[in-house]
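Q: Sequence and predicted structure are below.
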Amino acid sequence: MSPAELTPGLLDALSALVVVIDLEGTIQLFNKASERATGCRLDDVRGRILWDFIPQHEVSRLRVVVSRLVANGRPVESESHFIRKDGSRCLVSWTFSALPGEQGAARWIVGTGMEVTDDRRLRRRRQSSPEGADGSVFMSTSEIGRVLGLSPATVKRWANTGLLPAARTAGGHRRFSVAVAERLARQLNIVHPSLDHWMNVLLLPGRPLELDAELLAERSRRGSWHEVADGLDEVLLELGNRWQAGHLTVAEEHIGSARLGRALGRVCDGFPLHAGAPRVLLATVEGESHTLGLALVELCMRAHGWQTLWVGSDLPTAMLVRRIGQGDADVLAVSASVAREADELERAAQQLAQACTEARVELLVGGRGPWADPFPHGGRIRDFATLEDWIEQRERRGG
């Protein structure tokens with residue numbers, strides 16, 4: 001792959017900054033969002049070294065970050081200032097990813113970033129002079145997340161850092177002022193792709209790297225892969241809803257699902273595997289063909305360096321039981337959709353739980369299927385923030 005295969009029109013539609021450099025730091029591509037943030041046009045920067053636009057005292061640190069990416073292939077994050085055309089500076093939060101050449105080794109570096117200058121300034125102001133709620137309408141964490149276009153996990157993190165003030169109910173639940181939240185959205189210029197935008201990206205013909213670039217940009221916007229997964233879960237719901245409403249054909253629904261599944265696979269392939277990390281078998285229950293939810297689970301696990309193996313969809317329970325008994329897995333992650341019946345899921349869960357207990361494998365179930373609640377046979381994952389907590393807890397207790 002080469003930078004020429006990244007369609008400029010799509011990159012220019014992204015709200016994230018996108019800069020493509022070669023391994024020497026020479027700028028190849030510079031999208032419209034980058035031009036707006038820096039005042040530099042593509043012609044001003046093309047062929048020049050990225051480090052020329054970074055303050056001298058930050059260059060060596062950024063070089064180390066990029067070198068680490070080239071060495072292990074795993075996306076890396078960093079912050080740096082970019083010297084604008086007028087000499088002022090903007091602070092950018094970057095995610096750098098490798099774009100392989102013909103031999104599969106890193107050949108180019110794709111940097112996707114969000115300007116966070118105003119974010120930091122606002123945080124300092126709030127720390128020195130806390131602002132109370134000034135609106136009469138209040139919303140819950142999930143409701144305010146929908147207003148801002150953020151996942152509930154991001155809203156909670158912003159509340160914990162003081163960026164988004166919260167009141168507490170008598171029961172201890174957070175409540176957010178709509179007026180404060182909307183003002184914060186304007187100040188931070190929060191822009192997330194609409195569901196219509198995602199439908200266009202998934203359904204319009206284009207080169208595969210366009211969708212990869214969109215996923216990397218979403219990672220920069222949201223701050224973590226599990227929050228990207230939460231956002232994509234809503235995209236999948238919308239895809240299904242539009243098909244059910246007759247706005248999409250069966251073929252279009254399949255095309256969108258397949259394109260997203262392949263893109264998620266390519267992103268996962270870019271994560272290195274950590275030695276000694278948990279080994280996870282991924283499967284859907286017997287009769288279940290929907291795999292994209294499980295692909296998002298894999299995304300979250302691979303981002304932690306975990307080893308994953310797809311056993312398959314619609315695999316007979318007896319065959320999955322035999323596979324568990326091979327003794328080369330630490331976790332079994334099983335998914336089911338709402339199309340499944342509660343009694344069939346309970347029968348499958350009992351058989352899988354017994355096999356997992358005998359093989360000392362942890363059972364993890366997810367999806368919108370009617371699993372028993374509470375689930376007595378293992379872990380029950382309802383959203384990707386919960387999955388992230390489960391992953392972190394398992395890592396703390398030694399994998």
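A: Received, thanks.
Q: where do the strands sit along the stretch 251-399 of the chain?
A: Along the stretch 251-399 of the chain, counting by DSSP state E, counting those that start in this stretch, strands occupy 279-284, 307-312, 331-335, 362-366, 379-380.
Q: what does the stretch 1-150 of the chain give?
A: For the stretch 1-150 of the chain, strands defined by DSSP E, counting those that start in this stretch occupy the ranges 17-22, 27-30, 76-83, 89-100, 106-115, 138-139.
Q: so which of the strands of the stretch 251-399 of the chain is the most packed in?
A: Of all those, strand 331-335 has the most neighbours on average by mean count of other Cβ atoms under 10 Å, namely a mean of 25. Every C-beta, even on glycine, is put in place using the N, C-alpha and C of the backbone.
Q: Can you tell me the strand partners of that strand and which way each runs?
A: Using DSSP bridges, strand 331-335 pairs in its sheet with strand 279-284 (parallel), strand 362-366 (parallel).
Q: picking up where we left off before, now tabulate the strands of the stretch 1-150 of the chain in CSV and tack on mean neighbour count.
A: Converted to CSV, the strands of the stretch 1-150 of the chain look like this (neighbours: other Cβ atoms under 10 Å):
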stretch, mean neighbour count
strand 17-22, 23
strand 27-30, 22
strand 76-83, 18
strand 89-100, 20
strand 106-115, 23
strand 138-139, 18
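Q: how about those strands, which one is nearest residue 63?
A: strand 76-83 (10.4 Å; Cβ to Cβ).
Q: Show the average pLDDT along that closest one.
A: The predicted model gives strand 76-83 an average pLDDT of 84.
Q: Show me what it is packed against.
A: For strand 76-83, the elements it packs on are helix 32-38, helix 56-72, strand 89-100, judged by 3 or more Cβ pairs under 8 Å, 6 or more residues apart in numbering; DSSP states H and E.
Q: on that earlier part again, of the strands of the stretch 251-399 of the chain, which is nearest residue 107?
A: Shortest separation from residue 107 across the strands of the stretch 251-399 of the chain is recorded for strand 307-312, at 26.1 Å, computed as Cβ to Cβ.
Q: re the thing from before, of all the helices and strands packed on strand 76-83, which one is nearest residue 20?
A: strand 89-100 (7.2 Å).
Q: least trustworthy helix or strand in the protein by mean pLDDT?
A: Among the secondary structure pieces of the chain, namely its helices and strands, helix 117-128 has the lowest mean (mean pLDDT, DSSP states H and E), a mean of 44.
Q: quick revisit: format the strands paired with strand 331-335 as TSV; extra columns: mean pLDDT.
A: What follows is those, written out as TSV (pLDDT from 0 to 100):
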stretch	mean pLDDT
strand 279-284	96
strand 362-366	94
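Q: any low-confidence regions in this protein?
A: For the chain, applying pLDDT under 70 flags the ranges 1-15, 101-104, 116-137, 143, 145-151, 178-194, 205-209, 399.
Q: As JSON lines, the strands of the stretch 251-399 of the chain with distance to residue 224 would be great.
A: Output for those, formatted as JSON lines (distance: least, Cβ to Cβ, whole Å):
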{"stretch": "strand 279-284", "distance to residue 224": "19"}
{"stretch": "strand 307-312", "distance to residue 224": "18"}
{"stretch": "strand 331-335", "distance to residue 224": "19"}
{"stretch": "strand 362-366", "distance to residue 224": "18"}
{"stretch": "strand 379-380", "distance to residue 224": "20"}
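Q: thinking again about what came up before, closest to residue 294 out of the strands paired with strand 331-335?
A: Nearest to residue 294 among the strands paired with strand 331-335 is strand 279-284 (5.4 Å), distances taken as Cβ to Cβ.
Q: contacts for the closest one?
A: The set of residues that contact strand 279-284 without belonging to it, under Cβ atoms under 8 Å, 6 or more residues apart in numbering, is 290-291, 294, 297-298, 301, 306-315, 320, 323-324, 328-336, 361.
Q: gap between that strand and the chain center?
A: The chain centroid and the centroid of strand 279-284 are separated by 20 Å under Cα atoms, centre = their mean, to the nearest Å.
Q: With stretch 87-96 instead?
A: Taking the mean C-alpha point of stretch 87-96 and that of its whole chain, the gap between them comes to 21 Å (Cα atoms, centre = their mean).
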